[in-house]
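[1] this one's sequence-less:
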């Protein structure tokens, strides 16, 4: 309290109280000071620590308000029948939350990164819309091939983490469209 009072007396525009961990009871008092903002790691924009943000932090370990709002918009646009059906491209329902608390559990699950709704990664729909996976290059022992030329490519699924198409799609989703245009995957 003394530091906050000194910051006000000195006319400081901001006062940083250190880390805030919402699930830690001893740190909850930090969330009561206003105004307070939290950085959205997916858009790098500051969002107010309001009732909406607190409700999300009460139920999730990772919160991106931009992602939540986008998913809410998608859900509102979907018909009632579509809401309960899995997304045909990602295998996840629109309102699915993170399935595992521990990265090791997620790795052992055998699920695609798309099914795990990994924070900061493009969705399967975004990959299909923004990245031309078929024309990415694969170099095998010095010979360069486009993905679409491979027999196993046509048989693979974007959300099958064990297929070549799934592996390439996950890589592209993690690095984004700009970097994936420059990638040539090399074997041998």
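    Good, I have the coordinates. Computed from a prediction, not measured in an experiment: that's the story for all the values here.

[2] contacts and neighbour counts: CA atoms only from here.
    OK.

[3] For the most centrally placed residue in the chain, grab phi and psi.
    The centroid of the chain falls nearest to residue 119 when counting by CA atoms, centre = their mean (2.3 Å). Main-chain dihedrals, residue 119, degrees, to the nearest 10: phi -60, psi 140.

[4] what's the spacing between the lengthiest helix in the chain and its chain's center?
    For the chain, the longest helix by residue count, based on DSSP state H, is helix 164-180. Distance, stretch centre to chain centre, for helix 164-180: 14 Å (CA atoms, centre = their mean, to the nearest Å).

[5] Can you list the neighbours in contact with it?
    For helix 164-180, the surrounding residues in contact (CA atoms under 8 Å, 6 or more residues apart in numbering) are 112-114, 120-124, 127, 130-131, 133, 136, 152-153, 156-161.

[6] Apply 10 Å and report the result again.
    Outside helix 164-180, the residues that touch it by CA atoms under 10 Å, 6 or more residues apart in numbering are 112-114, 118-124, 126-134, 136-138, 147-148, 150, 152-161, 163, 181, 183, 185.

[7] got it, and stretch 41-49?
    Contact with stretch 41-49 is made by 31-40, 53-54, 57, 62-67, 119-121, as judged by CA under 10 Å, 6+ apart.

[8] what comes up buried for that stretch?
    Residues of stretch 41-49 classed as buried by neighbour count (16 or more other CA atoms under 10 Å): residue 49.

[9] And for stretch 104-122?
    Result for stretch 104-122 [16+ other CA under 10 Å]: buried residues 106, 112-119, 121-122.

[10] and if you look at stretch 48-64?
    Under 16+ other CA under 10 Å, the buried positions of stretch 48-64 are 49, 53, 57, 63-64.

[11] Was I right to think the residue nearest to the centre of the chain contacts residue 65?
    No: applying CA atoms under 10 Å, one finds residue 119 not in contact with residue 65, separated by 11.7 Å.
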